[in-house]
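K.L.:
Task: produce atomic coordinates for the following.
(one chain, ligands or ions: 1)
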Amino acid sequence: MTETPANNAPVLAIDGPGGAGKGTVSRLLAASLGWHYLDSGALYRILALAAGRKGLQLDDETGVAALAQGLDIGFGTGADDSVWLDGEEVSALIRSEQAGAMASVVAALPAARQALLLRQRAFRQVPGLVADGRDMGTVVFADAVQKVFLTASAQERADRRYKQLIAKGIDVNIGDLLSDINARDERDSSRAVAPLRPAADAAVIDTTGISISRVVSQILELLTDKNVNTQ
Ligand code: DC
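P.N.:
Now for the predicted structure:
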């Protein structure tokens, strides 16, 4: 058997709005399959943080794209989900609601998206990649072996986020969370480039009221149906 070249490694694309469970589900799938994991949202979050630190306006397309080209980003591997910018751990910094909202602004800049494209594709390595984001199945890995679009009602996503933040000791207002989620959905879905939408060939899974383990096993079944080895 010939060895699969790195750029032909199978990709499982998991897209959907914030709070639909993509991160948790994707990490569990990557661990179960023994595949690599790409948290593409973290790239946009880091880019927004770096832009803020450089004093750039978040809508300065040329400046933000140039910054994206040269960013020194590091990710932990396996169970280590730490994220690094210029040798500094920024895992907690990029996870705030504000960092998410800022990421959504830089993510609307076509040149910034283009600048991050090759960096994302470089994560495609044998034995496979679970890629988590908004445009994994539509743009970055349009040839993914399986595309999944995870959704959940805005209320459920706000409730989940609320519980996560409260568990971390961060005090938030559920009404504010819900309006932030709606604003971010609107910005991500209405942008001209790579808007948030399911790929035509994606399996759409509504996770409202469904357990994480059920969603994970449903996706593993989809892979098995495509003759992908999930053992
Ligand atoms: O998945 P997340 O919440 O970490 O993503 C943060 C923002 O980054 C989100 O509002 C939209 C943007 N994003 C994107 O445009 N494309 C991706 N593939 C991933 C995230």
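K.L.:
can you map out the strands along the chain?
P.N.:
In the chain, strands defined by DSSP state E lie at 11-15, 36-39, 73-75, 83-85, 88-89, 129-133, 146-151, 203-206, listed in chain order.
K.L.:
Could you list the buried residues of the longest helix belonging to the chain?
P.N.:
Scanning the chain for the helix with the most residues, using DSSP state H, yields helix 174-190. The neighbour-count check on helix 174-190 (16 or more other Cβ atoms under 10 Å) flags 177, 178, 180, 181, 184, 185, 187, 188 as buried. (C-beta placed from N, C-alpha, C; glycine too.)
K.L.:
With stretch 117-132 instead?
P.N.:
Buried, per 16+ other Cβ under 10 Å, within stretch 117-132: 120, 121, 123, 124, 128, 129, 130, 131, 132.
K.L.:
For that stretch, give me every contacting residue.
P.N.:
Outside stretch 117-132, the residues within contact range by Cβ atoms under 8 Å, 6 or more residues apart in numbering are 3-4, 6-7, 9-15, 22-23, 26-27, 29-30, 33-41, 43, 73, 139-141, 144, 228.
K.L.:
residues from this protein in reach of the ligand?
P.N.:
Listed as neighbours of the ligand in the chain under the rule Cβ under 6 Å from any ligand atom: 18, 40-41, 44-45, 100, 103-104, 107, 133-135, 184, 188.
K.L.:
pLDDT score for the most centrally placed residue in the chain?
P.N.:
Centroid check for the chain by Cα atoms, centre = their mean gives residue 133 as the closest residue, at 2.9 Å. Listed pLDDT for residue 133 reads 96.
K.L.:
Surely it touches residue 140?
P.N.:
Yes: using Cβ atoms under 8 Å, residue 133 is in contact with residue 140, at 7.1 Å.
K.L.:
Which residues are in contact with each of those two?
P.N.:
With Cβ under 8 Å, 6+ apart as the test, residue 133 and residue 140 both reach 13, 40.
K.L.:
among the residues of the chain next to the ligand, which two are most distant?
P.N.:
Greatest spatial distance among the residues of the chain next to the ligand (Cβ to Cβ): 100 and 135, at 16.4 Å.
K.L.:
And the two? Which one has more around it.
P.N.:
In this view residue 100 and residue 135 are compared by other Cβ atoms under 10 Å, and residue 135 has more residues nearby, 24 against 20.
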